[in-house]
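Student: I need the structure of the sequence given here:
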Amino acid sequence: MPRFVLLDRDGVINLRIVGSYVTSWEKFVFLPGALEGLRLLTEKGYRTIILSNQAGVGKGLMTAQDLQEITRRFVEEVEAQGGRIEAVYYCTHQAEEDCHCRKPKPGLLLQARAEHHFSFGDTFLIGDSESDLLAAHAVGCPTIMVSNAAPGHLEKLPHAPQMIVPSLLAAATFLASLETHGPSIS
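Tutor: Residues are numbered from 1 along each chain as shown. Below is the predicted model of the structure:
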């Protein structure tokens, strides 16, 4: 049975622009270790699915075509480096729209599972925000948080991640170690 891993995009794969959005390919900057982490996940047989809120479209800061172009280019770069992205799901709604797909609601996760037939309990979500953790918790998905924040800040989260790592490469290295152990780290 194939193994899946769910990833947020901004802050996990590429640099998050605080207070703004990645609205063009020129603003998309891979984080250190991201391409290597995606390659390692692929080499270890994981099918990688991206789940990301992209309200910049809903706010009119970029078009759906701009988002598609950014996605096409980053997926091509991942593949050129030996990784593979199975699918990409976006919520382009603004927070005020109260849609079911915008994290922290689990709509994107539910859509991905319906189309790819995986078990949430056996599938990690790697994210960098509380909304990622909340969406994963809603469906029983274990989490890994990519963060360089002070531990005290993270201890206040209502649903703590199974582990906190500094990069996607560190998360992928951990998942690679689970080949015979399953998703539990206890």
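Student: okay, and the beta partners of the residue nearest to residue 164 when sequence neighbours are not counted?
Tutor: The spatial neighbour of residue 164 that comes closest, neighbours along the chain excluded (C-beta to C-beta, 6 or more residues apart in numbering), is residue 145 at 4.8 Å. For every residue, glycine as well, the C-beta is placed using N, CA and C. In this structure, residue 145 has the following beta-bridge partners (DSSP bridges): residue 127, residue 164.
Student: show me the contacts for residue 145.
Tutor: Taking C-beta atoms under 8 Å, 6 or more residues apart in numbering as the criterion, residue 145 is in contact with 126, 127, 128, 132, 133, 154, 161, 163, 164, 165.
Student: please check those and keep the buried ones.
Tutor: 126, 127, 128, 132, 133, 161, 164, 165 (16 or more other C-beta atoms under 10 Å).
Student: buried set for the strand or helix carrying the fifth one?
Tutor: When elements are assigned from DSSP states H and E, residue 133 belongs to helix 130-139. By 16+ other C-beta under 10 Å, the buried positions in helix 130-139 come out as 130, 131, 132, 133, 134, 135, 136, 137, 138.
Student: tell me what the residue nearest to residue 30 when sequence neighbours are not counted is bridged to.
Tutor: Taking C-beta to C-beta, 6+ apart as the measure, residue 30 lies nearest to residue 14, with 5.6 Å between them; neighbours along the chain are not counted. Per DSSP bridges, the residues bridged to residue 14 are residue 10, residue 30.
Student: measure how buried residue 14 is and give me the count.
Tutor: The tally of other residues near residue 14 (other C-beta atoms under 10 Å) stands at 19.
Student: hmm, who's touching stretch 126-138?
Tutor: By C-beta under 8 Å, 6+ apart, the list of residues contacting stretch 126-138 from outside reads 5-8, 10-12, 16, 51, 53, 103-106, 108-109, 120, 125, 142-147, 157-161, 168, 171.
Student: okay, now the unreliable bits of the protein?
Tutor: Filtered on pLDDT under 70, the chain yields the residue ranges 1, 149-157, 179-186.
Student: max-length helix in it?
Tutor: Counting residues, the longest helix in the chain under DSSP state H turns out to be helix 64-80.
Student: with adjacent residues omitted, what lies nearest to residue 36?
Tutor: In space, residue 36 is closest to residue 169, 5.0 Å off (C-beta to C-beta, 6+ apart).
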